[in-house]
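Asks: okay, structure incoming, though there's no sequence with it:
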């Protein structure tokens, strides 16, 4: 199929439809609104259900209700809108409901700003609401990756009966790139969904999630996900002295910085997680003889860096961990390059 030049938010919305999305409920919020606007006319055109809810709380509850009935349900939001949905995410985890969330991150606390950022990392990766649960969290670095992970998101969600988060960024939603759009999928029969006769549905969910035995089964499912879903891009790890860890757009920039360093003979490497839950532990297990790790992220105080340090320790890497917290927006190749040089020269203080 020929490639088309598409904006990230619109491309990912079309990819959702081609991946089988048949129900959307959401509330407008910059910088994710264009996805909602696109779906508002495209879904009725395809005979599917689109609802602009009265707020984000209503949106996530509509999504969980649709998921119980077997819909491939989607919501999209940004920053504070996602915070309002947290109780719904926790409830969906309790009931083992598959759904997809598109979070087009904005930077900052409270209402934040309209700048791009990666400040929802803790919320999405660490559960986000009360109770013990996990969501599968994808971190695309291009419009094509954004479409690819959305296209397959419900297959993954329904395989493991969990929520899937597409952790986009404001700049990724706004940027335009060439995209090859996949064909429409046939929607599978969902034998676990409520059928209106009381023969399947909530009773089956209750068996899976009720009491200590249910929690044990769910925990075993998370362990299976961690084993099955390990995905990252790497470059220069074979002889790297310092390894950058970075996802999304900062990760994409950091790859170019590492290539520039290696062109000068510097033994730099990078791990770009394509999933941050489960975290790419197997990538860290490959590292030998490195001097340190550098987390590059669009945050103010560091969020990804905590998992970098945690998995370094888990894999037996007794090395310092450094943080380049760029703040809002996306760092440039030059600034990542300069920070790496500063670390190698011994001018930066380790965080862990």
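Replies: Structure received. These numbers come from a predicted model, not from an experiment.
Asks: going forward, measure contacts and count neighbours with C-alpha atoms only.
Replies: Fine.
Asks: so what's residue 75 up against?
Replies: Residues in contact with residue 75 (C-alpha atoms under 8 Å, 6 or more residues apart in numbering) are 24, 25, 26, 59, 60, 63, 100, 101, 102.
Asks: remind me which residues of the stretch 251-352 of the chain are low pLDDT?
Replies: Within the stretch 251-352 of the chain, no stretch has pLDDT under 70.
Asks: where do the strands sit along it?
Replies: Here the stretch 251-352 of the chain has its strands, by DSSP state E, counting those that start in this stretch, at 268-273, 275-277, 292-297, 321-325.
Asks: so what strands line up beside the last one?
Replies: Strand 321-325 pairs in its sheet with strand 292-297 (parallel), by DSSP bridges.
Asks: for the first one, same thing?
Replies: Sheet neighbours of strand 268-273, with direction, are listed as strand 232-235 (antiparallel), strand 242-245 (parallel) (DSSP bridges).
Asks: in JSON lines: those, plus mean neighbour count.
Replies: JSON lines is the format used below for the strands paired with strand 268-273 (neighbours: other C-alpha atoms under 10 Å):
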{"stretch": "strand 232-235", "mean neighbour count": "16"}
{"stretch": "strand 242-245", "mean neighbour count": "27"}
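Asks: export those strands to a markdown table and append columns for mean pLDDT and distance to residue 107.
Replies: Below are the strands paired with strand 268-273 laid out as a markdown table (pLDDT from 0 to 100; distance: least, C-alpha to C-alpha, whole Å):
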| stretch | mean pLDDT | distance to residue 107 |
| --- | --- | --- |
| strand 232-235 | 98 | 24 |
| strand 242-245 | 98 | 20 |
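Asks: now the ones you listed in TSV, with distance to residue 175?
Replies: Below are these laid out as TSV (distance: least, C-alpha to C-alpha, whole Å):
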stretch	distance to residue 175
strand 232-235	21
strand 242-245	23
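Asks: need the nearest residue in space to residue 38, chain neighbours excluded.
Replies: Leaving aside its sequence neighbours, residue 38 sits nearest to residue 10 (C-alpha to C-alpha, 6 or more residues apart in numbering; 6.1 Å).
Asks: that neighbour sits in which helix or strand?
Replies: helix 8-18 (DSSP states H and E).
Asks: downstream neighbour of that helix in the secondary structure list?
Replies: Note on helix 8-18: by DSSP H and E, the next helix or strand toward the C-terminus is strand 23-26.
Asks: quick one, helices of the stretch 1-150 of the chain?
Replies: Assigned by DSSP state H, counting those that start in this stretch, the helices in the stretch 1-150 of the chain fall at 8-18, 33-45, 56-68, 79-84, 86-94, 121-125, 143-160.
Asks: check the stretch 151-300 of the chain too.
Replies: According to DSSP H, counting those that start in this stretch, the helices that the stretch 151-300 of the chain contains are 170-174, 202-209, 211-228, 248-263, 281-285.
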